[in-house]
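Novice: here is my input; please provide its structure:
(one chain, ligands or ions: 1)
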Amino acid sequence: MAFLELSAIHKSYFLGKEEFPVLKGIDLKFEKGEFVSILGESGGGKSTLMNIIGGLDRNFEGTVTVNGNLLDHKQEKQLDLYRRQTVGYIFQSFNLINYQTNLENVLTSLNMTKLSSADRKKKATELLDKVGLAEHMHKYPSQLSGGQKQRVAIARALASSPDVIIADEPTGALDSVNTREVLELLEDIAKDGKLVIVVTHSQEVANYGTRILHMADGKIDNEKSLKPKFELPAHQDRIPSRPLSSKTLWQMAFDHLRFNKLRNFLITLGSAIGIFSVILFLGLGNGIKGYINDQVTQLANPNYPTVMRNVTEDKDAPASQRMQETSQAMATDYNAATLPDNYIDRLQKVNHIDKVERGYQFGNVTFTYGKQKTQGAQIQTWTSAFSSKSIKAGHKPGHNELVIDKTFAQQIDSDNWKSLIGKEVSFSYFAFNKDNQPVQIKDKLKVVGIAEGGQSGAIYSMSFDTVKDQLAKAKATTDPTYATIGIDDAENVKSVVKKVNQIEIDGKRAFVGMSIGDILDTINTITSLASYVLAAIAGISLLVSAIMIIVTTYMSVAERTKEIGVLRALGARSKDVRRLFTNESLLIGLISAVLGLVAAYAGQALMNVALYNLIKFNIVQVSIGNVIFAIVISLLIALLASLVPSRKAAKLNTIDALAAD
Ligand SMILES: Nc1ncnc2c1ncn2[C@@H]1O[C@H](COP(=O)(O)OP(=O)(O)OP(=O)(O)O)[C@@H](O)[C@H]1O
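Specialist: Residues are numbered from 1 along each chain as shown. Take a look at the predicted model:
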């Protein structure tokens, strides 16, 4: 049995329903050590036949047997392996990969073998040396003459030590000197015990071989033996093959990116700007949230929620609204809006409440110091809910002592506002008696502390007992207007407040409670929403970058159609081709993410430095979560953008791809 046998090969092309038979029954036998030339008129079907022998064409009738094994053209995997292991191609137009050096071109074929990395490099160098190009191996194909390019292509075809070398017009683009050199190389290959099949128009080339086949009208019409086939050497190299590794596919994707530096840089820059703005906005959202949290917790201790009497029937109204209604009720039915002792006792029985502190709050207070006066202030008794950080000078109020707001102290003496400590300040406000009649209260107390309320309102405060004494003296109701409940653990704050809101006394909901946690939750929801909206707007630029990646990948596929054909002819699988393009997009995505993040961190540093003096807070805070989000979203966009183009590349028909201009 011959090494390679074709039997009853028929092949037609179809234009619509019309059939054009090209191969009309071909039976051939080839042996290793032969150098067979196929001659024939143009359009006679020579290339079509070579595509079948080379495992590129799958649609034909008849059988191809290699080394006694029937080649199943229906099985793509088997054909990939056959091309990778058994066949080496040499094309008329060289078909070298332009972004790889000559050495890398040869290595691309060797990368589909199981040789170690060092052995692959050694073998590629030896092969380039053998074809006389040792000193040109680090050049790119575009830096070589036609003859030199064809010799690189020969070295590449030989790299995986295939048994069959198929050369389609290998000297078609060469002058006579280069033609001779290439023919000598092909003869050497046959002498090494390989089967060399050359398609040619040239009788001179054909005369070089051991046998000539002549094709006409889809059949072999003449066959001539010129000399016996070469003796097979005692030992023949066998290199086991394997598919392209992930590492090689990443490397190739990276090499191509680098080859088209400017274009890819611009695309990466576009995507990076999108990532940068999304991250910066998210970081700004974090910063603003942190700033508000910081401001609020500086003023009040989050473990001490405020509880008031509930006056409304509406169970679904939010706590803030119900508290407001209680405050309004104080003007009309004061005694129904305060917290009598039995209410305080009830609170004390709730689980996780360590202590209940009574408190008073009165509005419309007038403070007077000499000729300076402030009206419409609000007095609140000092409880554990106040953060001691809010006191900027002096200390919290003891019995018959007063804490005033910094703004009033500055109104009196703007430069030396602390000098008010130790001075006496008069004040007056209205409370109510048992009959809900207003009672004016007037007093004069020593200032012991100056506080800063900032955005949450001014702080004027006395101890509970001080105010209680003032109320008792004026015969006003002494029931507290609110209570502060001390909760054992921050984790229980929410559940305790919820429970307190559900307590009923005399069949009615008794309390309305709100922790600053609730206030913070509301603020945080609003700021998060705002930063997400901003990030989403910035996200539109990501959409643009996705479209850019789609366009580049399509362009890349269009430009590299021939390369795809070459890779498939060398034995790359369809999924290797798909991964090659996907990898390139993913690299663009990854580099964009890194660039975008570096820019975002730089933007964060700049903004924080610029604004720190103003607000004493780092207003941009990019979190690790944001960083992970940016990388994931960038890779995801790149992956999605490459899906369709890379799939298209993988599905290209190898013969059509090789025929691309
Ligand atoms: N994809 C195709 N679709 C339709 N017809 C095709 C296709 N490829 C080749 N043919 C036709 O099949 C015939 C044989 O083509 P083939 O390329 O095999 O000839 P050839 O002998 O190699 O020619 P040449 O020496 O000019 O390269 C030609 O008539 C060609 O027009």
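
Novice: now the helices for the stretch 251-400 of the chain?
Specialist: 261-299, 319-332, 334-337, 341-348 (DSSP state H, counting those that start in this stretch).

Novice: let's have the ones you listed in JSON lines, adding mean pLDDT and distance to the ligand.
Specialist: (C-beta placed from N, C-alpha, C; glycine too.) Listed next are these as JSON lines, based on pLDDT from 0 to 100; distance: least, CB to the nearest ligand atom, whole Å:
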{"stretch": "helix 261-299", "mean pLDDT": "84", "distance to the ligand": "32"}
{"stretch": "helix 319-332", "mean pLDDT": "86", "distance to the ligand": "76"}
{"stretch": "helix 334-337", "mean pLDDT": "88", "distance to the ligand": "92"}
{"stretch": "helix 341-348", "mean pLDDT": "90", "distance to the ligand": "89"}
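
Novice: please identify the most buried of those helices.
Specialist: Most buried of those, by mean neighbour count (mean count of other CB atoms under 10 Å): helix 261-299, with a mean of 20.

Novice: and Asn105, how many neighbours?
Specialist: For Asn105, the tally of surrounding residues (other CB atoms under 10 Å) stands at 27.

Novice: which one is it nearest to, not counting chain neighbours?
Specialist: Excluding the flanking residues, the one nearest Asn105 by CB to CB, 6 or more residues apart in numbering is Leu96, at 5.1 Å.

Novice: how about the one you found, secondary structure?
Specialist: coil (DSSP: H, G, I helix; E, B strand; the rest coil).

Novice: do you know the pLDDT at it?
Specialist: Leu96 is assigned 92 on the pLDDT scale.

Novice: strands of the stretch 351-500 of the chain, residue ranges please.
Specialist: 353-359, 361-369, 372-381, 391-394, 401-405, 424-432, 438-451, 460-462, 482-487 (DSSP state E, counting those that start in this stretch).

Novice: need those in TSV with mean neighbour count, distance to Phe629 and mean pLDDT, can you?
Specialist: As requested, those are exported to TSV (neighbours: other CB atoms under 10 Å; distance: least, CB to CB, whole Å; pLDDT from 0 to 100):
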stretch	mean neighbour count	distance to Phe629	mean pLDDT
strand 353-359	18	40	90
strand 361-369	17	44	90
strand 372-381	17	42	88
strand 391-394	18	40	88
strand 401-405	24	43	92
strand 424-432	18	52	92
strand 438-451	17	41	92
strand 460-462	25	44	92
strand 482-487	24	34	89
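
Novice: among the ones you listed, which is nearest Ile212?
Specialist: strand 482-487 (99.8 Å; CB to CB).

Novice: for that closest one, packing partners?
Specialist: The contact analysis (3 or more CB pairs under 8 Å, 6 or more residues apart in numbering; DSSP states H and E) places strand 482-487 against strand 306-309, helix 341-348, strand 353-359, helix 493-502.

Novice: now do 6 Å
Specialist: The contact analysis (3 or more CB pairs under 6 Å, 6 or more residues apart in numbering; DSSP states H and E) places strand 482-487 against strand 306-309, strand 353-359.

Novice: hey, C-alpha coordinates of that strand in CSV?
Specialist: Output of strand 482-487 as CSV, limited to C-alpha atoms (Å, rounded to 0.1, in the frame of the first residue of the first chain):
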residue,chain,number,x,y,z
TYR,A,482,-38.5,63.3,74.3
ALA,A,483,-36.3,60.5,75.5
THR,A,484,-32.9,59.1,74.4
ILE,A,485,-32.6,55.4,74.6
GLY,A,486,-29.2,53.8,75.1
ILE,A,487,-28.9,50.6,73.2
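
Novice: hmm, back to that, which one, of the helices of the stretch 251-400 of the chain, ends up nearest to Leu244?
Specialist: With CB to CB as the criterion, Leu244 lies closest to helix 261-299 of those, at 21.8 Å.

Novice: quick one, the closest one and strand 438-451 angle?
Specialist: 130 degrees (axes from the mean of the first three to the mean of the last three CA atoms, to 10 degrees).

Novice: now helix 261-299, how far from the centre of its chain.
Specialist: Distance, stretch centre to chain centre, for helix 261-299: 14 Å (CA atoms, centre = their mean, to the nearest Å).

Novice: so what secondary structure elements neighbour that helix?
Specialist: helix 516-559, helix 574-615, helix 624-651.

Novice: run the chain-centre distance for the lowest-mean-pLDDT helix or strand in the chain.
Specialist: The helix or strand of the chain with the poorest confidence is helix 516-559; it has a mean of 78 (mean pLDDT, DSSP states H and E). Centroid separation between helix 516-559 and its chain, computed with CA atoms, centre = their mean, is 11 Å.

Novice: next, count neighbours for the closest residue to the ligand within the stretch 401-550 of the chain.
Specialist: Nearest residue of the stretch 401-550 of the chain to the ligand (CB to the nearest ligand atom) works out as Ile550 at 28.7 Å. By other CB under 10 Å, 19 other residues sit near Ile550.

Novice: ditto for the one 10 residues further on
Specialist: Look at Arg560: counted by other CB under 10 Å, it has 23 neighbours.

Novice: same question, the one 4 residues further on
Specialist: Taking other CB under 10 Å as the criterion, the count of residues near Ile564 is 26.

Novice: contacts for the stretch of helix or strand it belongs to, please.
Specialist: According to DSSP states H and E, Ile564 maps onto helix 561-570. Residues outside helix 561-570 that contact it (CB atoms under 6 Å, 6 or more residues apart in numbering) are 89, 95, 97, 109, 577, 649, 652, 654, 657-658, 660.

Novice: which stretches of the stretch 1-150 of the chain form helices?
Specialist: 46-53, 76-85, 102-110, 117-130, 146-158.

Novice: how much space between the residue nearest to Asn105 and Tyr208?
Specialist: Distance, Leu96 to Tyr208, using CB to CB, to the nearest Å: 24 Å.

Novice: quick one, which of these two is more surrounded?
Specialist: Each of Leu96 and Tyr208 has its neighbours counted (other CB under 10 Å); Leu96 has more, 25 against 22.

Novice: can you pull the contacts of that one?
Specialist: Contacts of Leu96 by CB under 6 Å, 6+ apart are 105, 141, 149, 152.

Novice: same deal with Asn613?
Specialist: If you count contacts by CB under 6 Å, 6+ apart, Asn613 has none.

Novice: which pLDDT value goes with it?
Specialist: Turning to Asn613, the model gives it a pLDDT of 82.

Novice: for Ile619, see how far away it is.
Specialist: On the measure of CB to CB, Asn613 and Ile619 end up 12 Å apart.

Novice: domain map for the chain?
Specialist: Using automatic domain parsing, the domains assigned to the chain come out as 4-242, 257-295+522-659, 302-515.

Novice: just send those back as a markdown table, with distance to Leu249 too.
Specialist: Shown next, in a markdown table, are the domains of the chain (distance: least, CB to CB, whole Å):
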| stretch | distance to Leu249 |
| --- | --- |
| domain 4-242 | 9 |
| domain 257-295+522-659 | 5 |
| domain 302-515 | 51 |
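
Novice: hmm, back to that, among the contacts of Leu96, who's most crowded?
Specialist: Asn105 (27 neighbours).

Novice: what pairs with Leu23 across the strands?
Specialist: Lys11 (DSSP bridges).

Novice: quick check: it vs Gln92, distance?
Specialist: From Leu23 to Gln92 the distance is 20 Å (CB to CB).

Novice: same thing with His138?
Specialist: Distance of His138 to Gln92, computed by CB to CB: 26 Å.

Novice: next one: Leu70
Specialist: 30 Å.

Novice: which one of those two has more residues nearby?
Specialist: Applying other CB under 10 Å to Leu70 and Gln92 shows that Gln92 carries more neighbours, namely 18 against 11.

Novice: ok so, going back, now the angle from the least confident helix or strand of the chain to helix 574-615?
Specialist: Using the same axes, to 10 degrees: helix 516-559 against helix 574-615 is 140 degrees.

Novice: who are the packing partners of helix 516-559?
Specialist: Against helix 516-559 (3+ CB pairs under 6 Å, 6+ apart) you get helix 261-299, helix 574-615, helix 624-651.

Novice: what's the pLDDT at the closest residue to the ligand within the stretch 451-600 of the chain?
Specialist: Distance from the ligand to each residue of the stretch 451-600 of the chain (CB to the nearest ligand atom) is smallest for Gly565, at 13.2 Å. What the model reports for Gly565 is a pLDDT of 92.
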